[in-house]
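Chemist: I need the structure of the sequence given here:
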Amino acid sequence: MSYQLPAIDRLGFCNVFLSAIGGDGANMSAKLLFKIAVTELDLDGAYDAKYGSEKKGTATDVSLRLCYKGTAVRTSGPTTTPHILAIFRPGLIETLQLNRGLQANATVIVNTTQTPDEIRDRLKMHSGRIVCVDAETIAEETGSRLNMPMMALICRALRFPQEQVEAVIAKTWPYAKDANLGAFKAAYDGVNEKEFAPRADYPLLPPALVARGQIGYLNMLNGGAIDAMTHSTVNRNNQVAGYGFVPTFDPSACTGCAVCMTVCSDPGGIVWKDGKVIGLDYAFCKGCMRCVEVCPQTKKGKALNRPEIAQVA
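Modeler: Next up, the predicted model:
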């Protein structure tokens, strides 16, 4: 069967853009998508990743440009005009102006419990399809990661053959095969999607551009030094990186072993004082659950535990 891309721009590319935060696994899933496109479907293209800091949960993005063999690939860097947009954290919609540059009749995939109508109003999306999925709950219930249900729906939007993709996933992560395939398949069944006709008061917007004017000695960037007062994270709220699940803490069960501190992706999330954990700072905790996994079981139970499933939209 000859594979056909779902959309092509004037240069011959189908553009896919993944918006996430460091630690969501967007980069890993996009690499696998690109591998499948090139090795399984005989496509060509370009790949670009902006690495966010997993330690601070910074915003990060990954771009795929897919094309047929023989298309001239002369472009590098992130795509600014996606046909398919995958939003791992809905809090990034307004922050990063993710509606800018969207193609007409684009497909937008969002990890959320909100409805497609609500997401359309947040995006002010001109036209296309919005696919909403509670990817965080799917990942939690299957024991997988957030990127797996999101990758499933990107494959769906790209019309990648599901059986071929599942075979690659099983081969890539053999020890997590059941969890990953469970999350992948659950995503297909758990979507709430809707097609939207063009809306005049939601126009197509050009890509967001950052410009400092003509670059010269008067406006060149500082080199070799970091302004600690400007770039410090002290007293800054990083809560946009912490949507979804955050651990619960039972101080009576804490032994002060400090193993949680060694695995915390953002040590600011665990508050340590006088030789013991005294609580969690939810302005910095992004809910990776690594501390829960290593917290020892005692007679009083575990000090750090997974919460009841509760999605924050």
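
Chemist: Give me the contact list for the helix or strand hosting residue 185.
Modeler: Counting by DSSP states H and E, the element that carries residue 185 is helix 177-189. Contact partners of helix 177-189, identified using C-beta atoms under 8 Å, 6 or more residues apart in numbering, comprise 133, 135, 138-139, 141-145, 148-153, 156, 162, 165-166, 169-170, 173. C-beta: built from backbone N, CA, C; applies to glycine.

Chemist: Looks to me like residue 125 is in a helix.
Modeler: No - under the criterion used here (DSSP: H, G, I helix; E, B strand; the rest coil), residue 125 is coil, not part of a helix.

Chemist: Which pLDDT does the model give it?
Modeler: The score at residue 125 is 97. That number is its pLDDT.

Chemist: circling back to that earlier point, what are the buried residues along the helix holding residue 185?
Modeler: Buried residues in helix 177-189, defined by neighbour count with 16 or more other C-beta atoms under 10 Å: 179-187.

Chemist: Same check on stretch 147-161?
Modeler: Buried residues in stretch 147-161 (16+ other C-beta under 10 Å): 147-158, 160.

Chemist: Pick the one among those closest to residue 70.
Modeler: The shortest approach to residue 70 among the buried residues of stretch 147-161 belongs to residue 158, at 19.4 Å (C-beta to C-beta).

Chemist: what about the closest one, distance to residue 275?
Modeler: Per C-beta to C-beta, to the nearest Å, residue 158 is found 52 Å from residue 275.

Chemist: just to revisit the earlier point, reformat the buried residues of stretch 147-161 into CSV and put pLDDT next to each item.
Modeler: Shown next, in CSV, are the buried residues of stretch 147-161 (pLDDT from 0 to 100):
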residue, pLDDT
147, 93
148, 95
149, 96
150, 97
151, 96
152, 96
153, 97
154, 97
155, 96
156, 96
157, 97
158, 97
160, 96
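
Chemist: which among these gets closest to residue 263?
Modeler: Within the buried residues of stretch 147-161, the smallest distance to residue 263 is 19.3 Å, found for residue 147 (C-beta to C-beta).

Chemist: surely residue 100 meets residue 204?
Modeler: No - using C-beta atoms under 8 Å, residue 100 is not in contact with residue 204; the gap is 9.4 Å.

Chemist: quick one, helices of this protein?
Modeler: For the chain, the helices defined by DSSP state H occupy 26-39, 92-95, 116-123, 135-142, 147-158, 162-172, 177-189, 228-231, 259-263, 290-294.

Chemist: Serialize the ones you listed to CSV and add fields for distance to residue 4.
Modeler: Below are the helices of the chain laid out as CSV (distance: least, C-beta to C-beta, whole Å):
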stretch, distance to residue 4
helix 26-39, 13
helix 92-95, 30
helix 116-123, 25
helix 135-142, 27
helix 147-158, 10
helix 162-172, 15
helix 177-189, 20
helix 228-231, 46
helix 259-263, 45
helix 290-294, 41
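
Chemist: Out of the ones you listed, which one sits most buried?
Modeler: Mean neighbours per residue, mean count of other C-beta atoms under 10 Å, is largest over the helices of the chain for helix 147-158, with a mean of 26.

Chemist: looking just at contacts, which helices and strands does that helix meet?
Modeler: Applying 3 or more C-beta pairs under 8 Å, 6 or more residues apart in numbering; DSSP states H and E, one finds that helix 147-158 contacts strand 14-21, helix 26-39, strand 84-87, strand 106-111, strand 128-133, helix 135-142, helix 162-172, helix 177-189.

Chemist: ok, now with 7 Å
Modeler: helix 26-39, strand 84-87, strand 106-111, strand 128-133, helix 135-142, helix 177-189 (3 or more C-beta pairs under 7 Å, 6 or more residues apart in numbering; DSSP states H and E).

Chemist: least reliable of the ones you listed going by mean pLDDT?
Modeler: Ranked by mean pLDDT, the helices and strands packed on helix 147-158 end with helix 135-142 at the bottom, a mean of 90.

Chemist: tell me what that one is packed against?
Modeler: Secondary-structure packing of helix 135-142 (3+ C-beta pairs under 7 Å, 6+ apart): helix 147-158, helix 177-189.

Chemist: what's in contact with the first one?
Modeler: It stands for helix 147-158. 6, 16, 24-26, 28-29, 33, 84, 86, 88, 107, 109, 111, 131, 133, 135, 138-139, 165, 180, 183-184, 186-188, 191 (C-beta atoms under 7 Å, 6 or more residues apart in numbering).

Chemist: shaky segments in the protein?
Modeler: 1, 52-57, 209-245, 267, 308-313 (pLDDT under 70).

Chemist: rewinding a little: could you say which one of the helices and strands packed on helix 135-142 comes nearest to residue 294?
Modeler: helix 177-189 (18.7 Å).

Chemist: where does the closest one sit relative to the chain's centre, distance-wise?
Modeler: Put simply, helix 177-189 sits 17 Å off its chain's centre (C-alpha atoms, centre = their mean, to the nearest Å).

Chemist: Alpha carbons of it, as CSV, please.
Modeler: Taking Å, rounded to 0.1, in the frame of the first residue of the first chain, the C-alpha atoms of helix 177-189 are listed here in CSV:
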residue,chain,number,x,y,z
LYS,A,177,5.7,-3.0,25.7
ASP,A,178,2.4,-3.8,27.5
ALA,A,179,2.1,-0.4,29.2
ASN,A,180,3.1,1.6,26.1
LEU,A,181,0.8,-0.4,23.7
GLY,A,182,-2.0,-0.1,26.3
ALA,A,183,-1.7,3.7,26.3
PHE,A,184,-1.3,3.8,22.6
LYS,A,185,-4.5,1.9,21.9
ALA,A,186,-6.5,3.6,24.7
ALA,A,187,-5.8,7.0,23.1
TYR,A,188,-7.5,5.9,19.9
ASP,A,189,-10.7,5.0,21.9
